[in-house]
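Quick one, what's the 3D model for this:
(4 chains)
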2 protein chains.
Amino acid sequence: MGKVPEECRVEDALSILVGKWKPIILLYLLQEGTKRFSELKRSMPGITQKMLTKQLRELEEEDIVERVVYPQVPPKVEYSVTEYGRSLEPILEAMHEWGTNHTQHKQRKADQQSS
Amino acid sequence: MGKVPEECRVEDALSILVGKWKPIILLYLLQEGTKRFSELKRSMPGITQKMLTKQLRELEEEDIVERVVYPQVPPKVEYSVTEYGRSLEPILEAMHEWGTNHTQHKQRKADQQSS
DNA sequence: CTGGATCCTTAAGGATACTG
DNA sequence: CAGTATCCTTAAGGATCCAG
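The predicted structure follows:
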């Protein structure tokens, strides 16, 4: 009869992961460590500079990734996951695992339909 | 140097949780068990019938919630989390916990700025 | 090399009215 | 009671061009 829990903080975590490229960026940086902007871009076929910049800025805003600018010409900027940001890793892994299983689950379901 | 992992399934999990009301609906149903449409609606101030229907349909589509229609007048429809859907619970809880902590993290950060 | 500025398209979300 | 149908607004994402 009661209302939904007011203290639901799931969306706080969700909002940080949501963004077409954020999980990919995070997993990549977690795996590879520190990367330059151009390396990130090259590693993600399909992403535009604008989007990469935007997603990185948002992650930086939340203290998940760190941005280090080397004042030189041409510019050099490196990105890495912060110590704090690493606390997201278990969640990302859990979601990856769940997602993998879910793909199979849907496949099985689809197979049943056609039999 | 390599590309980003092609086998990233994080978004599969993400896409199921994304939706303004989905986490709330899921947590509520996980907590309360089976609920009628009207009970869900009443428990979520701010949601419209259209949105509630839509979010529930999408969750049903992914086999996360079950919809049972009682053929009577007036209509009665009950929703509950499927056995399979419960596999999302650990992830939701982890996100809730992380989100709670993140709120504090941001608060601390904001306090530092103003000092 | 990094990334800002502009313009455009699409999809999510919401307000409201209607129905078996 | 439990929806559908319609119309509208906004934000995310993307293409493209410019700049220190």
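
Taking chain A, what residue is nearest to DNA strand C?
Here chain A gets closest to DNA strand C at one residue, residue A:38, 2.6 Å apart by C-beta to the nearest atom of the strand. Placement of C-beta: from N, CA and C, glycine included.

Quick one, grab the pLDDT at that residue.
Predicted confidence (pLDDT) for residue A:38: 97.

What of residue A:74?
At residue A:74, pLDDT is 95.

can you check residue A:46 too?
Listed pLDDT for residue A:46 reads 93.

could you pull out the strands for chain A?
A:35-36, A:65-70, A:76-81 (DSSP state E).

ok, the residue of chain A closest to DNA strand C to residue A:45 distance?
14 Å (C-beta to C-beta, to the nearest Å).

Which one's more surrounded, these two?
residue A:38 (13 against 8; other C-beta atoms under 10 Å in any protein chain shown).

Can you name the residues that contact that one?
Going by C-beta atoms under 8 Å, 6 or more residues apart in numbering or on different chains, residue A:38 touches no other residue.

swap the cut-off to 10 Å and go again
A:49, A:52, A:74, A:76-77 (C-beta atoms under 10 Å, 6 or more residues apart in numbering or on different chains).

Check whether residue A:13 really touches residue B:23, as I assumed.
Yes. Between residue A:13 and residue B:23 there is a contact under C-beta atoms under 10 Å: 9.3 Å.

shared neighbours of those two, anything?
B:17, B:92, B:95-96, B:99.

Just among those, which is most surrounded?
Going by other C-beta under 10 Å, residue B:95 tops the shared contacts of residue A:13 and residue B:23 with 27 neighbours.

Now it. Nearest residue, chain neighbours left out?
Leaving aside its chain neighbours, residue B:95 sits nearest to residue A:13 (3.9 Å; criterion: C-beta to C-beta, 6 or more residues apart in numbering or on different chains).

Quick one: residues in contact with the longest helix anywhere in chain A.
If you go by DSSP state H, chain A has its longest helix at helix A:89-113. With C-beta under 10 Å, 6+ apart as the test, helix A:89-113 has contacts from A:13, A:16-17, A:22-23, A:26-27, A:30, A:81, B:5, B:7-17, B:61-64, B:84, B:87-88, B:90-91, B:94-95, B:97-98.

can you tell me the average pLDDT over that helix?
93.

now that helix and helix B:89-113, what's the angle there?
150 degrees (axes from the mean of the first three to the mean of the last three C-alpha atoms, to 10 degrees).

now helix A:89-113 and strand A:76-81, what's the angle there?
Interaxial angle, helix A:89-113 versus strand A:76-81 (the same axes, to 10 degrees): 70 degrees.

Around DNA strand C, pick out the residues from chain A.
Chain A has residues A:36-38, A:41, A:49-50, A:53, A:56-57, A:67, A:69, A:74-77 near DNA strand C, with proximity defined as C-beta under 7 Å from any atom of the strand.

Out of these, grab the one that's most surrounded.
residue A:56 (21 neighbours).

Tell me the pLDDT of that one.
At residue A:56, the pLDDT value in this model is 98.

And it, how far from residue B:44?
Distance from residue A:56 to residue B:44, by C-beta to C-beta: 34 Å.

do the same with residue A:115
Counting by C-beta to C-beta, the gap from residue A:115 to residue B:44 is 38 Å.

So these two - more neighbours on which side?
Taking other C-beta under 10 Å, residue A:115 and residue B:44 do not tie; residue B:44 has more neighbours (18 against 5).

ok, that one touching residue B:28?
Yes. Using C-beta under 10 Å, residue B:44 is in contact with residue B:28, at 7.7 Å.

At the geometric centre of chain A, which residue do we find?
Nearest to the geometric centre of chain A sits residue A:23, at 2.0 Å (C-alpha atoms, centre = their mean).

Before I go, just wanted to say thanks for your time.
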